[in-house]
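can you look at this prediction? I've put the sequence above it.
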Amino acid sequence: MIISDDGSNDRSKEYLRSLSDPRIRVHFQPANLGIFDNLNFLFDQSTSSITQILCQDDVFSTPESLQQIVDFWNADKNHDVDVARFNQTGDAHCALTRYFEQNHPPTLAGSQLLAYMYVCGNILGNLSNLSLRTGVVERGGGFSQSYPYAGDFELWARLAGKIVLAVVDAKVITVRRHDATASSQLNLHGELLTQLGSVYSFLYRKITLENVPVDLLCLFGTINFDSQHRYIGLKNLLITGDNSYLKALNQLEDCPFLLGSIQRKILAVLSLGGRIGRAQLGIYLLQRLNNQSEL
């Protein structure tokens with residue numbers, strides 16, 4: 001176990017200094033590195049062929065969790081897998097996510113993985129869901145601090161055409177949710193939007209869906225991204241009077257996967273903030289993708 005204390009200000013240091021188990025290596029950062037440089041540091045320290053990420057808020061679900069992870073990587077059928085995404089629950093409320101959970105292949109790679117990420121977003125999910133071959137991070141050039149809020153999604157997008165991802169049902173990690181988690185705090189004023197727009201633009205340029213018009217991909221991209229975030233921005237404006245979220249969204253003018261400014265606003269109204277048409281169009285694209293893969 002390799003632990004990096006990235007400038008904690010509670011009693012974590014006191015506890016970590018009390019550990020004497022020789023299997024645990026603790027590092028204390030003299031200055032805060034941020035989530036993704038800290039991850040780069042930890043991967044540099046790892047000498048194992050396989051690394052399981054475990055963020056500070058999360059825990060193994062059972063005493064058998066670590067053995068389940070080891071068994072997965074020891075199975076002959078998984079020798080080509082680069083990244084394993086555990087905790088595929090199958091209880092999603094969103095129709096598009098539910099379709100993905102029920103219909104995805106056991107492994108995704110190449111253009112198929114790129115397209116799934118464009119339609120479904122960061123399907124690798126929370127970092128603690130992930131177990132991977134340690135060298136994968138270095139192969140991708142490491143996590144980028146240029147994306148302080150979306151650094152994981154950006155790295156997986158860069159790697160999507162070069163890795164094999166396994167989506168595994170087994171629940172091995174409990175991801176704890178509370179108001180102080182990074183995911184709850186990092187996008188209050190739209191700070192995440194520019195970075196997400198950049199990642200989706202990258203995926204849009206890379207994917208190939210046969211016999212699917214580019215306009216259809218842009219229509220989905222607009223409803224999936226702009227319409228949903230426009231609803232959030234309008235809600236923030238009405239409740240708090242803060243328009244910073246909408247301002248951040250309106251500044252995204254150069255994203256190739258989005259329709260024009262006026263069309264974006266019209267679609268946000270017609271789709272009721274992405275609530276109408278998004279899931280159906282996304283499912284259609286995934287069906288075309290699955291049919292294309294079977295040919």
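Yes, it's here.

find the residue at the geometric middle of this structure.
In the chain, the residue lying closest to the centroid (Cα atoms, centre = their mean) is residue 122, at 3.2 Å.

what are the ranges of the strands in the stretch 101-250 of the chain?
Per DSSP state E, counting those that start in this stretch, the stretch 101-250 of the chain carries strands over the ranges 107-109, 130-133, 164-167, 173-174.

and residue 146, which of the ones you listed is closest to it?
Minimum separation from residue 146 across the strands of the stretch 101-250 of the chain (Cβ to Cβ) falls at strand 130-133, 20.9 Å. All C-beta atoms are positioned from the backbone trio N, CA, C, and that covers glycine.

so for that closest one, what gets flagged as buried?
130-133 (16 or more other Cβ atoms under 10 Å).

is it possible to export the strands of the stretch 101-250 of the chain to TSV including mean pLDDT?
Output for the strands of the stretch 101-250 of the chain, formatted as TSV (pLDDT from 0 to 100):
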stretch	mean pLDDT
strand 107-109	95
strand 130-133	96
strand 164-167	97
strand 173-174	93
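
kindly reformat those as JSON lines containing distance to residue 20.
JSON lines is the format used below for those (distance: least, Cβ to Cβ, whole Å):
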{"stretch": "strand 107-109", "distance to residue 20": "41"}
{"stretch": "strand 130-133", "distance to residue 20": "27"}
{"stretch": "strand 164-167", "distance to residue 20": "36"}
{"stretch": "strand 173-174", "distance to residue 20": "26"}
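
what about those, which gets the closest to residue 194?
Closest of the strands of the stretch 101-250 of the chain to residue 194 is strand 130-133, at 24.5 Å (criterion: Cβ to Cβ).

parallel or antiparallel, list what pairs with that closest one.
Partner strands for strand 130-133, per DSSP bridges, with pairing direction: strand 50-52 (antiparallel), strand 83-85 (antiparallel).

single out the most deeply packed of the ones you listed.
Sort those by mean neighbour count, taking mean count of other Cβ atoms under 10 Å, and strand 83-85 sits at the top with a mean of 22.

what residues does it touch?
With contacts defined as Cβ atoms under 8 Å, 6 or more residues apart in numbering, strand 83-85 is touched by 69, 72-73, 78, 123-125, 129-133, 136, 156, 163-168.

could you do stretch 202-215 as well?
111, 114-115, 117-118, 154, 157-158, 160-161, 217, 221, 256-257, 285, 288-289, 292.
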